[in-house]
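> A structural model of the following input is requested.
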Amino acid sequence: MPAPEKAGSPAYKIFETRQFLRDLARLAPEVQKRLEVKLRTYVYPVLRQTPRFGPNTKRLRNWEPTAWRYRVGDWRFFYEIDDGKRVVSMIAADHRRQAYR
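Residues are numbered from 1 along each chain as shown. Below is the predicted model:
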């Protein structure tokens, strides 16, 4: 079921890149399943409405093109926003130990 839209502002669509899907696929099956449930039930609904704001959202400095990260526990999900097309592109996922190397 699609997330409800706010009046006057259509929701963003979520696009998962190949790299993002590869990052998820390399995880242990139990971790992968848990993160996919969290993405679908909590993260994606939030990003569809307000991809720039929230307690777990942060803009990455000195990153070109502009990228953002969403924190879920020890995991980091990186994404870019295309306002013209209203698309949030999930570009990478990593554990916090390796995420910023």
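
> what's near enough to touch the nearest residue to Thr57 once chain neighbours are set aside?
Distances taken as CB to CB, 6 or more residues apart in numbering place Tyr70 nearest to Thr57, at 5.7 Å, with adjacent residues excluded. Heads up, the C-betas are built off the backbone N, CA and C, glycines and all. Contact analysis of Tyr70 by CB atoms under 8 Å, 6 or more residues apart in numbering lists 43, 46-47, 54, 56-57, 76-79.

> Just the terminal-to-terminal distance for stretch 64-72.
Stretch 64-72 has an end-to-end distance of 23 Å (criterion: CA to CA, to the nearest Å).

> Low-confidence regions, the chain specifically.
Within the chain, the ranges that satisfy pLDDT under 70 run 1-8, 100-101.

> longest single helix anywhere in it?
helix 29-38 (DSSP state H).

> in the sheet, who's paired with the residue nearest to Thr57?
Assessed by DSSP bridges, Tyr70 has beta-bridge partners Thr57, Phe77.

> Distance check, it against Pro29.
22 Å (CB to CB, to the nearest Å).

> Pretty sure Phe15 sits against Lys85.
No: using CB atoms under 8 Å as the test, Phe15 is too far from Lys85 to be in contact (9.3 Å).
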